[in-house]
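[1] mind looking at a prediction? Sequence and model below.
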Amino acid sequence: MTNHWSDIKNADLVLIMGGNAAEAHPCGFKWVTEAKAHNKARLVVVDPRFTRSASVADFYAPIRTGTDIAFLGGLINYLLENDKIQHEYVRNYTDVSFIVKEGFGFEDGLFNGYDADKRAYTDKGTWGYELDEQGYAKVDPTLQHPRCVFQLLKKHYSRYTPDVVSNICGTPQAAMLRVWETIAETAAPGKAMTIMYALGWTQHSVGSQMIRTGAMVQLLLGNIGMPGGGMNALRGHSNIQGLTDLGLLSNLLPGYLTVPMEGEQDYAAYIAKRTAKPIRPGQLSYWQNYEKFHVSLMKAWYGKNATAENDWGFHWLPKLDIPGYDVLKYFDMMYQGQVNGYFCQGFNPIASFPNKAKVAAALAKLKFLVVMDPLATETSEFWRNAGEYNDVDTASIQTTVFRLPTTCFAEEDGSLVNSGRWLQWHWKAAEPPGEARTDVAIMGGLFHRLRRMYREQGGANADALLNIDWPYLRQDEPSPEEIAREFNGKALADVTDPATGAVLAKAGEQLAGFAQLRADGSTASGCWIFSGSWTQAGNQMARRDNADPYGMGQTLGWAWSWPANRRILYNRASADVSGRPWDPEKKRLVWWNGKAWTGTDVPDFKVDSAPDEGMNPFIMNPEGVARLFAVDKMNEGPFPEHYEPFETPIGRNPMHPDNPKATSNPAARVFKNDMELFGTAEDFPYAATTYRLTEHFHFWTKHCRLNAITQPEQFVEIGEALAKELGITAGERVKVSSNRGYIKAVAVVTKRIKPLTVDGKTVHQVGIPLHWGFSGVARNGYLTNTLTPFVGDANTQTPEFKSFLVNVEKA
Amino acid sequence: MDMNRRQFFKVCGVGLGASSMAALGMAPPAAYAESIRHFKLTNTRETRNTCPYCSVGCGLILYSQGSGGKNVAQDIIHIEGDADHPVNRGTLCPKGAGLLDFVHSPNRLKYPEVREAGSNEWKRISWDDALDRIAKLVKDDRDANFIEKNDQGQIVNRWLSTGFLAASASSNEAGYITHKVVRSLGILAFDNQARV
Amino acid sequence: MATQDVIARSATTTERPSIREIGEVAKLIDTSKCIGCKACQVACSEWNDLRDEVGTSHGTYDNPIDLTAESWTVMKFAEYENPQSGNLEWLIRKDGCMHCAEPGCLKACPSPGAIVKYANGIVDFNQDKCIGCGYCITGCPFDVPRLSEKDKKAYKCTLCSDRVSVGLEPACVKTCPTGAIVFGSKEDMKEHAAGRIADLKERGFDKAGLYDPDGVGGTHVMYVLHHADQPSLYSELPNEPAISPLVSLWKGVAKPLALLGMGAAVLAGFFHYTRVGPVRVEEDEAEAPGATGVHQVDPAVHVVDPKEPRA
């Protein structure tokens, strides 16, 4: 979230699209009801189904799953055509005036630079701004230059007329226009709309671009950085934000630093590439500090062994040969027999990954699998024949499986990062059952053993392990406090202010924040964005002061928020160019007081940079402004374009009916053996989507009696019209199949899913909740991901769980 | 039938017939001492925690039976929202409200176990056996398949034949130490739920 | 109870002792804020240490499908196509005891002190005194109490009398994520409702209103409805609830006769006990022919089978 949960109360309008907050985040959704009750806010829901969120909305519009870019692209067109943009914000805080390089183009559904054989844009050279001799981007403040971002944007989305959009999305035009009109009202300075989205946007082959389109809308309306505004990703797990922040992904290091590619053999070049210089005068471009963060990380990991002479241990880090070994890529490798060992720490991939048959077959090719979990997951028993739910030949599966019991939240100390970036410490209340241990103890125990073995026996690249700094009082079980202090960081030598020479932190002291990090090895910090969470003053994550003196809901004394306890990102943009809040009454966030930036939140800005110095709010970008034109950062193009789901119910992209290469995302992650398993509308005529129910959490709560009672048995939702066509009544069992397998479940027949008219055809949608499996105290069922396709977004490789094709028949 | 003999005796066993007599209007005034269920949290220990499910990060109060003294195993008997928490303000969704049944689920794992190749059953093993065996498998596979240099002779120090999925419900501290260990081994097939 | 003095008691005519002046409490359920998440169901069962059976899906979101002796509150889902606006509405109602000011259950109950009403408005069952006759079900205009198949006693929402008596709000109220359930003095709840109704009217629900029906003297569980003119839209919430005429008949004529019958049964039971000794628990689950007289007093009384769809 750019903003955070309780800030939603400041919204004038709430758009829930690509998510179902009432269902999946009920206690966060509370702040929508607060906004309605105390701020006269309206709630608009756009979703394939009339959801629990829709049930309390002021307005609901249906949409065909997977077509949100068209809907929002049409909205961009509507805003530009009707001059409903926040002019001062857009001109000053976005890149509308920037001139794009010559040669950038878009034709017949593809941007320039596409290589069809590689399914990738291999030449992104023209996807950028034209630079002058000093290296600054050229701009045209009149916005008239034909290649300025504003003109290109206008041209790109002029094709998204109401007729075209309604024809793609199936949303009736009147409903669509009503949503657009309502949203357009928040273009007024001081008015804010928040967008709440979740996996309904991420889990598409065009997921990242859906989110991007939403963000572009918010920029045009001047809603980023505003209290009650923002792009708010409602993340799915309690610490999925923290694990992302800590970089537990193939190509990341903590704090959004990145793993080097194998071509990056030179440390200085690795750093230089990531140290973006400002491309407009007077901008901060905060990533210029990359090396401080990187060296501090290496000092936290390798201690004294990381030195300037060995480039801070640069070559102890593994180097990538491809952009990343994401799970789709890796399970494909496993399926091909190229993987021997796998660890699942609190993760249930056989239930959570697409095409369960492929995932199960892949796991069966492992030599060993280690599962650490508080609960008996399906993955740990993928070898067990559970009849129709998991019909495997146990004896032929030669994988050795270890199952290690772990503590749950109630049995350990530690911190979690919520969606609003708050790091909240929690405390242990009881001992775990039996011999269960913490994940920390298991990793510590394993690492301790490995180091002993490598020390005694030697082995491949032993240095990378043996040089690790492991300063914990108990070698086999570091304490959470020790680890938290480490990721905050400490001074290894006295840290001084370069301007005055004053000592900011003495050697050995905890650092106050990332501004104190140094690139000379005098500081250590395991995750720079968490620096400030455990300072010399103690554990800031354990703070529990809920005072809200301004009534703006920012509660700066409750826990600690990264970065630097700022609660709303880009909050400088909540004030106009002169530094005055767009709405000084109800939306007071930060302002210039004549000497410094101050406010009800911690300013996300250089605190002493006066407005007339011209520094812009988006300090992480070398431009200083937000990008409507994504330059080369996105893999399928600088502007989002509508592409059909890989399994499309209409068989073509109405935007580009004659170019089959542009039917679905031309750069999406897809493997040949999976492409062969895609179904077509001829055999699988219905558009399906999977989702959570509020009564359950993934595959955990089927182990909890109280939740099993409230939703005991697997079901699917079909509309009344389709049910009538198929002769199905509520409560009957149905078989739902895709080209990858089938499930059987009870039919919920509902008025809440209506057929849509798309590209001249009637499209029925089928809703498939995901919570059942072959273990637990709820009734056993099929893993829903038996049905889903193994295809991922072009940027994140997140699977397309939300749009695929099925057939439905009586079971 | 609605009243079987067991209840029947319970109703009238001790003061036989008294209730029926009272029903006829002859109840003594003293009978007003009605029983409300006793309040079950009076002396429980309260511990602040955070809900492990979605990312709202609701504050919890865990109520456990026992004084925390040497001779007691604290037992969590009730979980409720933290009324001071600025986001959830004491509320919990159906999952959070049912957390007690997660803590005490019959499907909680208690002991390390192994399923040997081709076997149809779990076998309980000790932690030392489990970690020793896993460490050996890891070292053998790593030493056999570690790539120090690629075909161009560039230093790559990666190990691709084993992968690691981390848990997005584990703490930052678990995540951080896991990252430190996993990268030092050269693992690149490293992911968490953020990917899906 | 110290804070919840009894002001009415089933099958008791004796004058009550002095009652302290304590305010009436009320729970207000705002159907326009309710998202049907069932947190209240779970919190209720968790607090009250109830674990109902893991049932089946009936092709709706409702689970359990109805109140049971171990599910004291359930969400009822109704899909309504509003003919005026053309909009689909998902009307979700938390069902459970309404804690009537004039409780039909209490009036119908033949067992002294098995049902009590406290001065703060809570209507509570005392299972130690319940004889399992099920008359409370007949007496209830909202069809709320349920007989347990395990101990053949009647159960329902207590409005968390154990929590309220120590100064807390009921478990369902505390947990409700969207603030659709609120709790306080009856006066404050009516005022809160008035604000909500004004807001709903602004948002196009002209007939929004408060459900606090006179037929039972008002209730200590009230609803804000978007369509207060049609309560029955909300999964058969009675438009005009009133105590069944059967209960009046019972109070006037049948009750003394029935109690005489019960007296006979008591004696019969006593003789049975003294002759053959206590029976084993297992046998209790079977039909015991000796006491059928109790059942026959009012054939309308029945054991509710929670698995059976209700009309």
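    Noted; the coordinates are in hand.

[2] from now on I want contacts and neighbour counts done on CA atoms only, so please keep to that.
    Noted.

[3] which stretches of chain B form helices?
    Under the criterion DSSP state H, helices of chain B are mapped to B:5-12, B:18-21, B:94-97, B:100-103, B:127-145, B:172-184.

[4] now do the residue in the stretch 501-650 of chain A that chain C sits nearest to against A:Val607, distance only.
    As assessed by Cα to the nearest Cα, chain C sits closest to A:Gly553 within the stretch 501-650 of chain A, at 16.9 Å. With distances taken as Cα to Cα, to the nearest Å, A:Gly553 is found 22 Å from A:Val607.

[5] so for these two, which sits in the more crowded spot?
    A:Gly553 (23 against 13; other Cα atoms under 10 Å in any protein chain shown).

[6] need the helices of chain B in a markdown table (columns: mean neighbour count, mean pLDDT and distance to B:Glu80).
    Below are these laid out as a markdown table (neighbours: other Cα atoms under 10 Å in any protein chain shown; pLDDT from 0 to 100; distance: least, Cα to Cα, whole Å):
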| stretch | mean neighbour count | mean pLDDT | distance to B:Glu80 |
| --- | --- | --- | --- |
| helix B:5-12 | 20 | 36 | 35 |
| helix B:18-21 | 21 | 39 | 39 |
| helix B:94-97 | 30 | 98 | 7 |
| helix B:100-103 | 23 | 98 | 9 |
| helix B:127-145 | 17 | 98 | 34 |
| helix B:172-184 | 25 | 98 | 24 |
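
[7] of those helices, which is nearest chain C?
    helix B:94-97 (3.6 Å).

[8] who's in contact with that closest one?
    Residues from elsewhere that reach helix B:94-97 (Cα atoms under 8 Å, 6 or more residues apart in numbering or on different chains): A:694-697, A:701, A:707, B:51, B:53, B:79-81, C:37-43, C:46, C:175.

[9] likewise for stretch A:233-240?
    A:1, A:19, A:21, A:24-25, A:196-199, A:241, A:416-419, B:51-57, B:168-172, B:192-194.

[10] just the ones of those residues in strands?
    A:196-197, A:416-417 (DSSP state E).

[11] in stretch A:170-186, what's buried?
    A:170-173, A:175-177, A:179-186 (16 or more other Cα atoms under 10 Å in any protein chain shown).

[12] which residues of the stretch 51-200 of chain C lie near chain B?
    C:110-113, C:126, C:128-134, C:151-152, C:161-163, C:166, C:174-177 (Cα under 8 Å from any Cα of the partner chain).

[13] show me which of those residues are buried.
    C:110-113, C:126, C:129-134, C:151-152, C:161-163, C:174-177.

[14] domain-wise, how is chain B divided?
    Listed domain ranges for chain B are B:1-34, B:45-103, B:113-195 (source: automatic domain parsing).

[15] so which of those gets nearest A:Asp683?
    Set against A:Asp683 and scored by Cα to Cα, the domains of chain B come closest in domain B:113-195, at 30.2 Å.

[16] now for that closest one, what's the gap between its first and last residues?
    29 Å.

[17] re earlier: gap between the residue of the stretch 501-650 of chain A closest to chain C and A:Arg567?
    10 Å.

[18] work out for me the element the residue of the stretch 101-250 of chain A found nearest chain C sits within.
    Closest contact between the stretch 101-250 of chain A and chain C, by Cα to the nearest Cα, is at A:Ala175 (11.1 Å). Using DSSP states H and E, A:Ala175 sits within helix A:173-184.

[19] for stretch A:356-366, what is the average pLDDT?
    Mean pLDDT, stretch A:356-366: 98.

[20] need phi/psi at the closest residue to A:Glu636 other than its chain neighbours.
    Ranked by Cα to Cα, 6 or more residues apart in numbering or on different chains and with sequence neighbours excluded, the top spatial neighbour of A:Glu636 is A:Ala667, at 5.6 Å. Reported as degrees, to the nearest 10, the phi and psi values for A:Ala667 are phi -120, psi 10.

[21] in the stretch 201-311 of chain C, what residue comes closest to chain A?
    Closest point on the stretch 201-311 of chain C to chain A, by Cα to the nearest Cα, is C:Arg203, at 7.5 Å.

[22] how many residues are close by that residue?
    Number of residues near C:Arg203 (other Cα under 10 Å) recorded here: 12.

[23] and C:Cys105, what element?
    helix C:104-108.

[24] scan chain A for its longest strand.
    Max-length strand for chain A by DSSP E is strand A:741-750.

[25] remind me what it packs against, helices and strands.
    Applying 3 or more Cα pairs under 8 Å, 6 or more residues apart in numbering or on different chains; DSSP states H and E, we find strand A:741-750 packed against strand A:715-719, helix A:720-726, strand A:733-738.

[26] now the last one: mean pLDDT?
    Strand A:733-738 comes out with an average pLDDT of 98.

[27] contact partners for B:Val182?
    B:164, B:190.

[28] look up how far C:Ile243 lies from the residue sitting nearest the centre point of chain C.
    For chain C, the residue nearest the mean C-alpha position is C:Cys97 (2.6 Å; Cα atoms, centre = their mean). Distance, C:Cys97 to C:Ile243, by Cα to Cα: 14 Å.

[29] same thing with A:His426?
    51 Å.

[30] which one of these two is surrounded by more residues?
    Between A:His426 and C:Ile243, counted using other Cα under 10 Å, A:His426 has the larger neighbour count: 24 against 20.

[31] partners of the nearest residue to that one once chain neighbours are set aside in the sheet?
    Leaving out its chain neighbours, the residue that sits closest to A:His426 by Cα to Cα, 6+ apart is B:Asn49, at 4.4 Å. For B:Asn49, the residues forming beta bridges with it (DSSP bridges) are B:Leu60.

[32] B:Asn49: neighbour count?
    B:Asn49, neighbours per other Cα under 10 Å, totals 28.

[33] again with C:Pro64
    Using other Cα under 10 Å, C:Pro64 has 27 other residues around it.

[34] next, it: phi, psi?
    phi -60, psi 160.

[35] over to A:Phe111?
    phi -80, psi 170.

[36] residues near the closest residue to it other than its chain neighbours, how many?
    Distances taken as Cα to Cα, 6+ apart put A:Gly105 closest to A:Phe111, at 5.7 Å, once the chain neighbours are dropped. When neighbours are defined as other Cα under 10 Å, A:Gly105 has 13 of them.

[37] one more: C:Asn87?
    C:Asn87: 12 neighbours (other Cα under 10 Å).

[38] again, but for C:Gly204
    Residues near C:Gly204, counting by other Cα under 10 Å: 12.

[39] that one - that's part of a helix, no?
    No: assignment of C:Gly204 by DSSP: H, G, I helix; E, B strand; the rest coil gives coil, placing it outside any helix.

[40] do you know how far it is from A:Asn223?
    28 Å.

[41] do the same with A:Asp68
    Distance from A:Asp68 to A:Asn223, by Cα to Cα: 19 Å.

[42] A:Lys633 too?
    Counting by Cα to Cα - A:Lys633 and A:Asn223 are separated by 22 Å.

[43] which one's more surrounded, those two?
    Comparing A:Lys633 with A:Asn223 by other Cα under 10 Å, the one with more neighbours is A:Asn223, at 31 against 13.

[44] which residues does that one contact?
    Contact analysis of A:Asn223 by Cα under 8 Å, 6+ apart lists A:186, A:191-194, A:229-230.

[45] sort out for me which of the residues you listed are in helices.
    Using DSSP H, none of the contacts of A:Asn223 sit in helices.

[46] any of those residues buried? List them.
    A:186, A:191-194, A:229-230.

[47] intersect the residues of the stretch 51-200 of chain C next to chain B with the contacts of chain A.
    C:Pro177.

[48] select from the residues of the stretch 51-200 of chain C next to chain B every entry located in helices.
    Per DSSP H, these map to helices at C:161-163, C:174-175.

[49] turn those into TSV, including pLDDT and distance to C:Thr73.
    Output for these, formatted as TSV (pLDDT from 0 to 100; distance: Cα to Cα, whole Å):
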residue	pLDDT	distance to C:Thr73
C:Ser161	96	15
C:Asp162	96	17
C:Arg163	97	17
C:Lys174	98	15
C:Thr175	98	14
